[in-house]
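Novice: Give me a model of this one.
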Amino acid sequence: MATLIPPFFGQGPHSEQTVFRALERGLPAEWVVWWSLAYSAIAGGADGEGEIDFLCAHPRHGLVAIEVKGGMLDCRDGQWFQDGRRLREPPHLQATRHAHALRTILCRRLGRAPLPFALAHAVWLPDAARPAAEPLPLAGITLYAADLADPGPALLRLLTRAAPPCAAPPDLATLRALLSPSVSFRPDWRHRRTLADARIARLTHEQARAFDAFAAFPRLRVRGCAGSGKTLLALRRAGLRARLRAILERLVHAQRIPPGDILLLGAHALHRMALADILLRFPGLRYYTYRKFKGLEAPVLILLDVTERDPLWNRPALYTAISRAIHTLVILRLRPA
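Specialist: This next block holds a predicted model:
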């Protein structure tokens, strides 16, 4: 059984899957076959970019680049059609272009020009029978459905007819390292450190702006060991206070809702919420914990500091708090860091 790279067929046309299975079963172990081999002009100096459907390598005779075309094919007045749709490029020209591009890449990467081994190209029509008279561009370079059972002899015929002939056998180990290398992409720690430093500098600037903006607010005490996220928590709470003030301004001044109809509901006691300045700014505004407000209702309800990490805001507590709103419900969610 031949070595196929990759060893399993992924997403692709049914015709390519048919050829994949035929090469997998029908070629001896000395063959190496690449499926869906992409090449880049940038990497190899070829003209443009492309993808070779199959590249079959023999350790003594050379390489065959194969273009597969399935379905119903027609050639009329030099124009090719597949299942009734006109092909942008005839299959034989596509196979020739891929082979020339691969030859250019291998010459540059191996440092050998010309290549010492044969590099043939072919078109495989796995759904078609050989016609009585092959079109001239396909003569001698085409495989058909009959070749699926035993593809080895047909590929060797292509290699023996290739020009120039094989002067030296290809080094399959070198080709595998070049065409399908094993590469581990590891983190660039220097670049990540640079990004981390930039992020720290940006957060420091944001901290200064936030605390300058909220300098008139009562002090907010945040406790924790080094690295516990005290600064981020303070910033998030400052953002929550800003959103709360904006919502209250809109409700009271824009929608003309009396502050007495608005209730702030939270999970913690008032002295832990630092809301004194907001309650003074909107006379009549009230704050309760959802436990103390159980059984009562308010026209407009604003839930404060809702976070999944707070055990006080479990599912029953959240349901109880939400059910206290009569007309309008606003939830100010403190997102976890």
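
Novice: Could I get the full set of strands for the stretch 1-150 of the chain?
Specialist: With strands called from DSSP state E, counting those that start in this stretch, the stretch 1-150 of the chain shows them at 3-5, 32-39, 50-58, 62-68, 73-76, 79-82, 85-86, 118-124, 142-143.

Novice: Touching the fourth one from outside, list them.
Specialist: Contacting residues not belonging to strand 62-68 are listed as 13, 15-16, 19, 52-57, 91-92, 94-95, 98-99, 102, 117-126, 143, 155, 158-159, 162, 166, 170, 175 [CB atoms under 8 Å, 6 or more residues apart in numbering]. All C-beta atoms are positioned from the backbone trio N, CA, C, and that covers glycine.

Novice: Ok, stretch 242-254 next?
Specialist: With CB under 8 Å, 6+ apart as the criterion, stretch 242-254 contacts 213-214, 257-259, 262, 264, 278, 281-282, 285, 300, 302, 304, 328, 330, 332.

Novice: With stretch 24-39 instead?
Specialist: Contact partners of stretch 24-39, identified using CB under 8 Å, 6+ apart, comprise 1-6, 9-10, 12, 16, 20, 23, 46, 49-59, 98, 101-102, 105, 148-152, 155, 172, 175-176, 179-180.

Novice: Now the buried members of these.
Specialist: Buried members of those, scored by 16 or more other CB atoms under 10 Å, are 2-5, 9, 16, 20, 23, 46, 50, 52-58, 98, 101-102, 105, 148, 151-152, 155, 172, 175-176, 179.

Novice: Nearest residue to Leu301 in space, ignoring adjacent ones along the chain?
Specialist: Ala325 (3.7 Å; CB to CB, 6 or more residues apart in numbering).

Novice: So the one you found versus Tyr290, what's the distance?
Specialist: From Ala325 across to Tyr290, the span is 11 Å (CB to CB, to the nearest Å).

Novice: What count of nearby residues applies to the residue nearest to Pro90 when sequence neighbours are not counted?
Specialist: Leaving aside its sequence neighbours, Pro90 sits nearest to Trp80 (CB to CB, 6+ apart; 4.8 Å). Trp80: 21 surrounding residues under other CB atoms under 10 Å.

Novice: got a list of what Trp80 touches?
Specialist: Leu73, Asp74, Arg86, Leu87, Pro90, Pro91.

Novice: The fourth one is in contact with Phe81, isn't it?
Specialist: Translated: Leu87. Yes. Taking contacts as CB atoms under 8 Å, Leu87 lies within contact range of Phe81: 6.7 Å.

Novice: just for the stretch 101-250 of the chain, where's the confidence low?
Specialist: By pLDDT under 70, the weakly predicted segments of the stretch 101-250 of the chain are 163-166, 189-190, 192-239.

Novice: Ends of stretch 110-128, what's the gap?
Specialist: End-to-end span of stretch 110-128 (CA to CA, to the nearest Å): 37 Å.

Novice: on that earlier part again, so the residue nearest to Leu301 is in contact with Glu297, correct?
Specialist: Yes. Applying CB under 8 Å as the test, Ala325 and Glu297 come out as touching, 7.4 Å apart.

Novice: Counting neighbours, what do you get for Tyr290?
Specialist: 21.

Novice: mind listing what it touches?
Specialist: Contacts of Tyr290 (CB under 8 Å, 6+ apart): Leu265, Gly266, Ala267, Ala317, Thr320, Ala321, Arg324.

Novice: residue contacts, the residue nearest to His14 when sequence neighbours are not counted?
Specialist: Counting by CB to CB, 6+ apart, Gly70 is the residue found nearest to His14 once chain neighbours are left out, at 6.4 Å. Contacts here follow CB under 8 Å, 6+ apart; on that basis Gly70 touches Pro13, His14, Ser15, Glu16, Thr18, Leu125, Pro126, Asp127.

Novice: If we go by neighbour counts, what in stretch 126-141 is buried?
Specialist: For stretch 126-141, a neighbour-count test (16+ other CB under 10 Å) marks Pro126, Asp127, Ala128, Pro137, Leu138, Ile141 as buried.

Novice: just how off-centre is it within its chain?
Specialist: 41 Å (CA atoms, centre = their mean, to the nearest Å).

Novice: Touching it from outside, list them.
Specialist: By CB under 8 Å, 6+ apart, stretch 126-141 touches 15, 18-19, 22, 68, 70-73, 75, 90-93, 95, 120-123, 142-146, 148, 158, 161.

Novice: cutoff 6 Å now
Specialist: For stretch 126-141, the external contacting residues (CB atoms under 6 Å, 6 or more residues apart in numbering) are Ser15, Thr18, Val19, Gly70, Cys75, His92, Ala122, Tyr144, Ala145.

Novice: where along the stretch 101-250 of the chain do the helices fall?
Specialist: 151-161, 172-179, 189-213, 230-249 (DSSP state H, counting those that start in this stretch).

Novice: For Ala325 and Glu297, indicate the residue with more neighbours.
Specialist: Taking other CB under 10 Å, Ala325 and Glu297 do not tie; Ala325 has more neighbours (19 against 12).

Novice: separation between the more buried one and Ala168?
Specialist: Applying CB to CB to Ala325 and Ala168 gives a distance of 83 Å.
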